[in-house]
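>>> Next come a sequence and a model predicted from it.
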There are 2 protein chains.
Amino acid sequence: MADADVGERFRAFLRDRNLPVTSQRLAIAELLLHAPGHLSADDVAAQLVEKGHTIGLATVYRTIDLLVASGLVLERDFGEGFRRFEPARDMPHHYHLTCTVCGAVSEFHDDRIEEIIRASALARGFVAARHRLLIGGTCRDCRSSSPDRRTL
Amino acid sequence: MADADVGERFRAFLRDRNLPVTSQRLAIAELLLHAPGHLSADDVAAQLVEKGHTIGLATVYRTIDLLVASGLVLERDFGEGFRRFEPARDMPHHYHLTCTVCGAVSEFHDDRIEEIIRASALARGFVAARHRLLIGGTCRDCRSSSPDRRTL
DNA sequence: CGCCAGATGGGGTCGATTCTCATTTGGAAC
DNA sequence: GTTCCAAATGAGAATCGACCCCATCTGGCG
């Protein structure tokens, strides 16, 4: 199944680099690789405490670095002043739509956007290695029943 | 001229809100509204010191908040761990191309990108109010003479 | 089982941003 | 021009995310 797979891929990554497979690393990987949303480092630490682990915040950060380096976890910055992390899914690039009323984040992918961005950068002499697109707006639900409209 | 204009627009904003027009606010606005690039709060404070002012960092932050609220200054986040600010120019939306080798930031605007983003969001039930696009890559100069290639 | 490079974690540091509060000041009223 | 008060200022403390330090512990090879 996919669950054992991602865990195994992290173990393989550690083995490749001759890095010890510790219980802390496995616990953090297990949690973050199966997280549904976008977790902050504190979220990860808090959920570990909930599960009865006592893992130092420093170790959480260090292990997240490993997971990001392995490509199994992606780093996100929503401009909150801290970073969030999410498991890398099959989706190669996905964009984030954030509702400025209810805060809901939804993700999507669009080949046309990616292609046009790449072409536009190239026309200006840049070879685009990566790009990030954040869209803020109001979702369908909040538009139909919006008591207040934020100007944001 | 345009210079007096932006300063006057900030004064008008303060008057509208019954906020005092202080010498510190004017000095910060004068500096930031005519800045060529993207300044951090520290950059602003440092340049004020250079000009002989002694303005507390707290006031710099507070005044920048006002300038952002007034729409005369835009807040940017390039993932450096701190924010940068730039005067809002005529350009309604512009995108940022950052060279991951030399760090150069160049700006551009592309109506096709904007249109396609808006349409793509709408197809998913979102009315896009704003969006941010950051592109990382290597510029022409760094590509022709790149000694090291960052994986970033 | 013993060893040791590397991991761990609690405390300390750092940098950006915001808060606190005593003091000063804009600007409207007199 | 003088008075007055709400609001601004600024120096330092507080906060918060992120990361470093170092004494201690442990994975995993021999």
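Yep, it's here.
>>> In three-state terms, label the closest residue to A:R118 other than its chain neighbours for me.
In this structure, A:R118 finds its nearest non-sequential neighbour in A:A128, 5.1 Å apart by CB to CB, 6 or more residues apart in numbering or on different chains. C-betas here are computed from N, CA, C, even on glycine. Following DSSP: H, G, I helix; E, B strand; the rest coil, we place A:A128 in the strand state.
>>> One more: A:I135?
Three-state assignment for A:I135 (three-state DSSP): strand.
>>> so how far is A:G37 from the residue positioned nearest the centre of chain A?
Centroid check for chain A by CA atoms, centre = their mean gives A:E86 as the closest residue, at 2.6 Å. Separation of A:E86 from A:G37 (CB to CB, to the nearest Å): 7 Å.
>>> now A:N18
33 Å.
>>> ok, those two, which is more surrounded?
Taking neighbours as other CB atoms under 10 Å in any protein chain shown, A:N18 and A:G37 compare with A:G37 leading, 9 against 6.
>>> Is the more buried one within a helix or a strand, and which one?
Using DSSP states H and E, A:G37 is not contained in any helix or strand.
>>> ok so, going back, A:L74 is in contact with the residue nearest to the centre of chain A, correct?
Yes. Applying CB atoms under 8 Å as the test, A:E86 and A:L74 come out as touching, 5.6 Å apart.
>>> A:L74: what's it in contact with?
By CB atoms under 8 Å, 6 or more residues apart in numbering or on different chains, the contact set of A:L74 is A:68, A:85-88.
>>> which of these lies closest to B:D141?
Comparing the contacts of A:L74 against B:D141 with CB to CB places A:V68 closest, at 29.0 Å.
>>> Find the nearest non-adjacent residue to that closest one, please.
The nearest residue in space to A:V68 (CB to CB, 6+ apart) is A:E75, at 5.4 Å.
>>> Next: A:T59.
Per CB to CB, 6+ apart, closest to A:T59 is A:Q24, 5.3 Å.
>>> next one: A:L19
A:L66 is the one closest to A:L19 (CB to CB, 6+ apart), at 7.4 Å.
>>> Distance check, A:R25 against chain B.
22 Å (CB to the nearest CB, to the nearest Å).
>>> how far away is that residue from DNA strand C?
According to CB to the nearest atom of the strand, to the nearest Å, A:R25 stands 5 Å off from DNA strand C.
>>> count of residues packed around that residue?
20.
>>> mind listing what it touches?
A:10, A:14, A:63, A:66.
>>> try 10 Å
A:R25 is in contact with A:10-11, A:14, A:19, A:55, A:59, A:62-63, A:66-67, counting by CB atoms under 10 Å, 6 or more residues apart in numbering or on different chains.
>>> So how do I select the buried members of those in ChimeraX?
One line in ChimeraX is enough to select the buried members of the contacts of A:R25, burial here meaning 16 or more other CB atoms under 10 Å in any protein chain shown:
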select /A:10,14,55,59,63,66,67
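>>> tell me, which of the contacts of A:R25 make contact with DNA strand D?
Counting by CB under 7 Å from any atom of the strand, A:L14 from the contacts of A:R25 sit close to DNA strand D.
>>> Mind picking the one among the contacts of A:R25 that's closest to DNA strand D?
A:L14 (7.0 Å; CB to the nearest atom of the strand).
>>> Double-check that the closest one belongs to a strand.
No. Judged by three-state DSSP, A:L14 forms no part of a strand; its state is helix.
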